[in-house]
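>>> Have a look; sequence and predicted model below, questions after that.
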Amino acid sequence: MYNIGEQFSSGEIVITQDIVDAYAEISTDKNPIHLDREFARSRGFANTIAHGRLTLAYINDFLTHIFGKTWTRGGQLDVKFTAPAPVGEKIKIQVKVEEKNNDIVLSVLLSTLGGVTAVSGTASVKTALL
């Protein structure tokens, strides 16, 4: 279980404007880059972009799907935002087991189906909690 080289993929996820709008409401982050298409275009984007914290929520949900309560009790995530996640784009999350000692260390990528990586980094889970 959770062997080095083992990979997990979320399948396709579509970030819709409705989801971004709802996230803006609950997070109180109403930056127009997330909500106003014309504003986003004036800043060089083809469309509005998802909140970085929203992409983290997708990653967190996927890791919870893989590890269950173990993730919520002791998982750690260390990521960098490398590109925006445009609204309307299909994305996927890929996780790969890189190390297995006292912790299971995973590489984590959230990317568009076009191959643009929006979030990358590592996650770790204590093996003692499994």
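Looks like it came in fine. Numbers count the residues shown, from 1 in each chain.

>>> Let me see the ranges of the helices in this protein.
Ranges of helices in the chain, per DSSP state H, are 17-27, 32-35, 37-42, 52-67, 69-74.

>>> which ones are touching residue 79?
Each residue near residue 79 by CB atoms under 8 Å, 6 or more residues apart in numbering is listed here: 56, 59, 108, 119, 120, 121, 122. The way it works is simple: take the backbone N, C-alpha and C, and place the C-beta from them, glycine included.

>>> same question but for residue 52, I mixed them up
With CB under 8 Å, 6+ apart, residue 52 has these contacts: 81, 119.

>>> Adding pLDDT and neighbour count, write the contacts of residue 79 out as CSV.
Below are these laid out as CSV (pLDDT from 0 to 100; neighbours: other CB atoms under 10 Å):
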residue, pLDDT, neighbour count
56, 97, 15
59, 98, 20
108, 98, 21
119, 98, 22
120, 98, 16
121, 98, 16
122, 98, 15
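
>>> And these, which is closest to residue 40?
residue 119 (18.8 Å; CB to CB).

>>> so what's residue 91 up against?
The neighbours of residue 91, taking CB under 8 Å, 6+ apart as the test, are 12, 13, 14, 15, 55, 58, 85, 110, 111, 112, 113, 118.

>>> actually residue 6, sorry about that
Counting by CB under 8 Å, 6+ apart, the residues that residue 6 touches are 96, 97.

>>> quick one: it from residue 100, how far?
With distances taken as CB to CB, to the nearest Å, residue 6 is found 9 Å from residue 100.

>>> for residue 90, same thing?
For residue 90 relative to residue 100 (CB to CB), the value is 31 Å.

>>> before we move on, what about residue 79?
Distance of residue 79 to residue 100, computed by CB to CB: 20 Å.

>>> for residue 21, same thing?
From residue 21 to residue 100 the distance is 41 Å (CB to CB).

>>> Verify the stated contact: residue 71 with residue 62.
No: applying CB atoms under 8 Å, one finds residue 71 not in contact with residue 62, separated by 9.4 Å.
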